[in-house]
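J.: following is a predicted model, sequence given first.
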Amino acid sequence: MNSKRTLKNQFWLVIKGITMGAANKVPGVSGGVIAFVAGFYEEFIYSLQKVNAKAWKLLFSGRFKSFFHYINGTFLSLLFLGMIISYFSVSKLLDYLLIDYELYVWSAFFGMIIGSIYYITKEFGRWSNSHRLYLVFGVLIGLAISLLEPARENDQLWFVFFCGMISVSGMTLPGLSGSFILMLLGNYVLLLVDSVNALYDLVAHLFFWDFSFMEQPEQLALLKILFVFSIGSLTGLVAFSHLLAAVIKKHKKVTYAVIIGFITGSLGVVWPWKTKVFEYNGLGQMVTDPQGRPVVKDFSRYLPHEWTSETLLAVFFIIFGIAVVYGLERYKFSKKA
């Protein structure tokens with residue numbers, strides 16, 4: 001009986017990892033929100049915090065079982081397995097949906113964030129005046145970040161490493177979207193689309209025992225970029241987790257107030273009804289990236305003026321997103337019971 005329950009919990013942990021991976025892919029959405037609402041955020045942070053000097057000592061002394069147990073290895077490995085599955089499956093699907101059904105994708109995530117704000121606020125407990133001030137501070141920072149103008153793409157390896165460190169903020173700090181930060185830094189397409197697709201193509205080539213990619217310098221360069229980005233992400237993940245664990249331990253409610261503010265401030269980023277504003281040069285020509293795609297300078301947000309079938313469907317997906325968060329909340333409390 002216990003083994004079955006454990007197996008079920010492990011299965012759902014992989015599903016949560018897939019959901020976190022998918023959320024991390026969408027600019028404006030934070031995978032940390034999924035962890036927060038699903039009830040494993042603190043375990044995630046404290047598990048990552050265990051990757052410290054003692055853990056490395058256990059690993060390099062050959063005490064692999066002790067190392068795995070010390071860092072909560074089952075939890076982390078299943079969660080990261082879900083994220084890896086997401087990058088090879090759900091992320092591909094999201095790329096397609098964001099092109100052909102962009103309004104409905106944004107609507108669903110907008111609903112999820114609204115549901116998350118309600119849920120986390122309900123869990124917060126009593127609010128003091130100082131907590132409200134930290135909440136406003138979080139909202140202002142979130143809004144300020146959402147209004148920044150995206151930079152140009154930069155494929156220098158030191159900058160790619162820096163992007164990797166920053167991008168994991170969405171996993172460790174709910175409300176701060178790592179993918180949106182990458183968009184502001186100009187490297188969203190390079191790191192979360194082109195390089196991931198290059199890895200996907202590599203796996204497909206190797207599956208058919210095809211090594212022609214070795215003669216494609218552009219694909220090899222993207223794979224090198226992805227490797228550096230991954231190393232930067234792992235470094236940032238451990239570093240941020242140590243910092244956040246210390247802050248949560250000493251100032252839990254203050255940290256959560258700021259997090260709620262961040263999440264609220266991010267609503268502007270995922271507002272469903274918006275049009276892309278492309279960048280033009282001094283000659284009135286549209287600026288494109290190295291792959292020939294138009295460079296998005298900003299988004300122009302608007303309110304729908306008519307209740308068309310498209311608008312009604314978008315509202316349905318907002319409600320669907322709220323329902324997803326409600327389902328996660330119910331699952332969390334049913335486990336406690």
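T.: Noted; the coordinates are in hand.
J.: buried residues, the longest helix along the chain. List them.
T.: Ordering each helix of the chain by length in residues (DSSP state H) puts helix 217-250 first. Of the residues in helix 217-250, 219, 222-223, 225-226, 228-230, 232-233, 236-238, 240-242, 244-245, 248 count as buried by neighbour count, 16 or more other Cβ atoms under 10 Å. From N, CA and C alone the C-beta is placed, and that goes for glycine too.
J.: who touches the helix or strand that comes right after that helix?
T.: Next along the chain after helix 217-250, taking DSSP states H and E as the criterion, comes helix 252-265. Contacts with helix 252-265, where a contact means Cβ atoms under 8 Å, 6 or more residues apart in numbering, come from 30, 33, 36, 113, 116-117, 120-121, 124-125, 127, 130-132, 134-146, 173-176, 244, 247-248.
J.: please redo it, this time with the cut-off set to 6 Å
T.: Residues from elsewhere that reach helix 252-265, judged by Cβ atoms under 6 Å, 6 or more residues apart in numbering: 116-117, 120, 131, 134-135, 138-139, 142-143, 174-176, 247-248.
J.: now the two most distant members of those.
T.: Maximum pairwise distance among those (Cβ to Cβ): 23.7 Å, between 143 and 248.
J.: assumed residue 155 was part of a helix.
T.: No. Using DSSP: H, G, I helix; E, B strand; the rest coil, the assignment for residue 155 is coil, not a helix.
J.: in the stretch 1-150 of the chain, which spans are helices?
T.: For the stretch 1-150 of the chain, the helices defined by DSSP state H, counting those that start in this stretch occupy 2-25, 31-38, 41-49, 53-60, 64-70, 73-88, 90-100, 102-124, 129-146.
J.: would you reformat those helices as JSON lines and include mean neighbour count and distance to residue 197?
T.: Formatted as JSON lines, the helices of the stretch 1-150 of the chain follow (neighbours: other Cβ atoms under 10 Å; distance: least, Cβ to Cβ, whole Å):
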{"stretch": "helix 2-25", "mean neighbour count": "17", "distance to residue 197": "12"}
{"stretch": "helix 31-38", "mean neighbour count": "26", "distance to residue 197": "20"}
{"stretch": "helix 41-49", "mean neighbour count": "20", "distance to residue 197": "28"}
{"stretch": "helix 53-60", "mean neighbour count": "13", "distance to residue 197": "33"}
{"stretch": "helix 64-70", "mean neighbour count": "15", "distance to residue 197": "32"}
{"stretch": "helix 73-88", "mean neighbour count": "18", "distance to residue 197": "10"}
{"stretch": "helix 90-100", "mean neighbour count": "14", "distance to residue 197": "8"}
{"stretch": "helix 102-124", "mean neighbour count": "20", "distance to residue 197": "19"}
{"stretch": "helix 129-146", "mean neighbour count": "16", "distance to residue 197": "27"}
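J.: arrange those helices in CSV, one row each, with distance to residue 257 and mean pLDDT as further columns.
T.: Shown next, in CSV, are those (distance: least, Cβ to Cβ, whole Å; pLDDT from 0 to 100):
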stretch, distance to residue 257, mean pLDDT
helix 2-25, 22, 75
helix 31-38, 13, 77
helix 41-49, 15, 84
helix 53-60, 31, 89
helix 64-70, 32, 91
helix 73-88, 26, 86
helix 90-100, 31, 75
helix 102-124, 7, 83
helix 129-146, 4, 87
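J.: out of these, which gets nearest to residue 319?
T.: Of the helices of the stretch 1-150 of the chain, nearest to residue 319 by Cβ to Cβ is helix 102-124, at 6.2 Å.
J.: which pLDDT value goes with residue 270?
T.: Note on residue 270: pLDDT of 80.
J.: secondary structure class for it?
T.: What three-state DSSP gives for residue 270 is coil.
J.: can you pull the contacts of residue 321?
T.: Each residue near residue 321 by Cβ under 6 Å, 6+ apart is listed here: 108, 111, 112.
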